[in-house]
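**Student:** Quick one: sequence plus predicted model below, questions after.
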Amino acid sequence: MYLPRSSPDEMWSILPLGGRLRTVLVALVAVGVLGGAFAAGLIGAPAVAGVENAFGPVDENTTVVETDITVSNPNPIGVSLGGVTVDYDVLLNDVSLANGSKEGVAVETGNSTLHVTTAADNDRIPPWWISHVRNDERTTVTVDTSVTSGTLGRTVDPPNVTRQIETDLLSQFNSTETRPINADQPLVSDPVLYVNETSAEWGEVTDSRTAMDLTFVVYNPKPYPIGVSELGYDVTMNDVAVGEGSTDSEYVVPPKSTESVEATVYIRNDRIDEWWVTHLERNQVTELRIDFDARLDLAETTVSVPLDPLTYTETIETDIFGTKPTDPGGDSTAENDGSTTQTETPSDTETRTETTSTDDDGILGDGAETTSAPTPTETATPTETTTATTETATPAETPTTPAETATTTDDDGGLLG
């Protein structure tokens, strides 16, 4: 005899009232038993056993963060328990880079790995850059996770995993190497100036720009004063122009004397997100470059001079999550690695507020003028410092009297190491 199949709703509707009550009671008892078993320690709540992050594709707008979360289920059977929710947040100095929530997770017994893909907005990078420089080029990477079981009504919030990142962009600018400045002009004998010392430190950091305060100790070998009426600069990070401009102050270097020329170079924070893309594309390697030029007022003429001996380059490398490829096949040979330390810190909260996620940087005349060569100064090899604020180097010794035999020197100087 053929009997038509009934849907669950139809079957539920034909159950007598007593049968329905018994079914509901059994479900409630099951939940109660689970809750009691958890309270008695017979059932353990799922917990986060490990988290690993890595950078995925990056474009001008977003940075993909790939997150693998290992959830540990201490029970002998797999559980869904009405759904397990995993929340996560990745922060750079308290600036949230990626966050989200994965709900309805069924966890097998033992360890299970959940893969989550989040598209982070690159507009989070300038606020992080500001915090990094303000914190003496230090960043704390924090991964905060929690697991919630809806049925057990329990949230497990393990200690945060933190990682320390440090960079050093400016210390190598500190130098006592003497470098000649040539005008390369007809009827002007070179060098016209010597730079005996350079130093740098971070200045004021605002929401719109980051200042670098530079000092140049300049010696004038000429018998007349030389004016430095303008000092221009161009700053690039991985060939991305992040700053350009010129100083407003004018300096006059007296004859046979030294003068400290101060200049402030600005990085535009609104270009940092563009640099960030290149930093990740080059396996987290960046070359900072600063080029200088100056307008010099000589005795009878004004010349614009590229200050090639003062060009500053520094290579920086980071490994923000500690998971980047060790052999990227690109230029990853950096002398200045971003150092890291990974630790666990206790979490202050038991529960979390869920957030939205995406799942699954001389003279005119007869030309017979001669230049008194300064007494040679010792060249100190600059040493790397551990903090972004650097100590001013001791000024190099400079001549007070010209040498008895006048000579013309063609020394082009050197480049900062």
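**Tutor:** Sure thing, it's come through.
**Student:** Break this protein into its domains for me.
**Tutor:** 44-166, 171-338 (automatic domain parsing).
**Student:** Could you give the average pLDDT over the last one?
**Tutor:** Just to be clear, that refers to domain 171-338. Confidence for domain 171-338, expressed as mean pLDDT, is 93.
**Student:** what ranges do the helices span in the stretch 51-200 of the chain?
**Tutor:** 125-134 (DSSP state H, counting those that start in this stretch).
**Student:** what's whichever strand or helix holds residue 258 in contact with?
**Tutor:** Following DSSP states H and E, one finds residue 258 within strand 257-268. With C-beta atoms under 8 Å, 6 or more residues apart in numbering as the contact definition, strand 257-268 has outside contacts at 196, 203, 208-220, 228, 231, 233, 235, 242-243, 245, 247, 249, 251-253, 290, 361, 395, 398. Glycine gets a C-beta too; all of them are placed from N, C-alpha and C.
**Student:** can you state the direction angle for that strand and helix 125-134?
**Tutor:** 150 degrees (axes from the mean of the first three to the mean of the last three C-alpha atoms, to 10 degrees).
**Student:** Partner strands of strand 257-268, with direction?
**Tutor:** Paired with strand 257-268 in the same sheet, following DSSP bridges, are strand 209-220 (antiparallel).
**Student:** Now do the buried residues in the partner strand.
**Tutor:** For strand 209-220, the neighbour count (16 or more other C-beta atoms under 10 Å) marks 209-212, 214-220 as buried.
**Student:** Then stretch 245-261?
**Tutor:** So, applying 16+ other C-beta under 10 Å, buried residues of stretch 245-261: 247, 251, 253, 256, 258-259, 261.
**Student:** can you list the buried residues of strand 209-220 in TSV and add distance to residue 109?
**Tutor:** Compiled in TSV, those are given as follows (distance: C-beta to C-beta, whole Å):
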residue	distance to residue 109
209	55
210	51
211	57
212	56
214	62
215	65
216	67
217	70
218	73
219	76
220	80
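**Student:** from these, which is closest to residue 73?
**Tutor:** residue 210 (47.2 Å; C-beta to C-beta).
**Student:** does the closest one really touch residue 275, like I thought?
**Tutor:** No: here residue 210 lies out of contact with residue 275, judged by C-beta atoms under 8 Å, at a distance of 11.8 Å.
**Student:** For the stretch 201-350 of the chain, which segments count as strands?
**Tutor:** Ranges of strands in the stretch 201-350 of the chain, per DSSP state E, counting those that start in this stretch, are 209-220, 226-237, 240-246, 251-253, 257-268, 285-297, 302-306, 312-317, 336-337, 339-345.
**Student:** and the residue lying closest to residue 270 once chain neighbours are set aside, how many residues sit next to it?
**Tutor:** Excluding the flanking residues, the one nearest residue 270 by C-beta to C-beta, 6 or more residues apart in numbering is residue 126, at 6.6 Å. Neighbouring residues of residue 126 were enumerated by other C-beta atoms under 10 Å; the total is 21.
**Student:** show me what contacts residue 126?
**Tutor:** Contacts of residue 126 (C-beta under 8 Å, 6+ apart): 269-270, 272-273.
**Student:** which of these lies closest to residue 72?
**Tutor:** residue 273 (37.1 Å).
**Student:** thinking that closest one is in contact with residue 121, fair?
**Tutor:** No: with contact defined as C-beta under 8 Å, residue 273 does not count as touching residue 121 (9.2 Å).
**Student:** who's more crowded, these two?
**Tutor:** More crowded of residue 273 and residue 121, by other C-beta under 10 Å: residue 273, with 20 against 12.
**Student:** burial count for residue 51?
**Tutor:** Counted with other C-beta under 10 Å, residue 51 comes out at 21.
**Student:** any idea how far it is from residue 71?
**Tutor:** 10 Å (C-beta to C-beta, to the nearest Å).
**Student:** what does residue 160 give?
**Tutor:** 17 Å.
**Student:** out of those two, which sits in the more crowded spot?
**Tutor:** Counted by other C-beta under 10 Å, residue 160 and residue 71 do not tie: residue 71 has more neighbours, with 23 against 19.
**Student:** Who are the contact partners of the more buried one?
**Tutor:** Per C-beta under 8 Å, 6+ apart, neighbours of residue 71: 46-49, 84, 86, 105, 107, 111-114, 147.
**Student:** quick one: which of those residues sit in strands?
**Tutor:** 47-49, 84, 86, 105, 107, 111-114, 147 (DSSP state E).
**Student:** Mind giving me the PyMOL select for those, buried ones only?
**Tutor:** Applying 16+ other C-beta under 10 Å to the ones in strands among the contacts of residue 71, the buried members can be selected in PyMOL as follows:
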select buried, resi 47+48+49+84+86+105+107+112+114+147
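**Student:** got a markdown table for the ones in strands among the contacts of residue 71, with distance to residue 313 too?
**Tutor:** Formatted as a markdown table, the ones in strands among the contacts of residue 71 follow (distance: C-beta to C-beta, whole Å):
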| residue | distance to residue 313 |
| --- | --- |
| 47 | 48 |
| 48 | 43 |
| 49 | 44 |
| 84 | 51 |
| 86 | 44 |
| 105 | 49 |
| 107 | 51 |
| 111 | 46 |
| 112 | 48 |
| 113 | 42 |
| 114 | 43 |
| 147 | 47 |
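**Student:** Lowest-confidence entry in the ones in strands among the contacts of residue 71?
**Tutor:** Ranking these by pLDDT, residue 107 lands last with 71.
**Student:** Per-residue pLDDT of the spatially closest residue to that residue that is not a sequence neighbour, please?
**Tutor:** Ranked by C-beta to C-beta, 6+ apart and with sequence neighbours excluded, the top spatial neighbour of residue 107 is residue 73, at 4.5 Å. With respect to pLDDT, residue 73 scores 78.
**Student:** what does residue 363 give?
**Tutor:** 28.
**Student:** What is the neighbour count of residue 50?
**Tutor:** 15.
**Student:** show me what contacts the residue lying closest to it once chain neighbours are set aside?
**Tutor:** The shortest distance from residue 50 to any non-neighbouring residue, by C-beta to C-beta, 6+ apart, is to residue 70 (4.1 Å). Applying C-beta under 8 Å, 6+ apart, we find residue 70 in contact with 48-51, 111-114.
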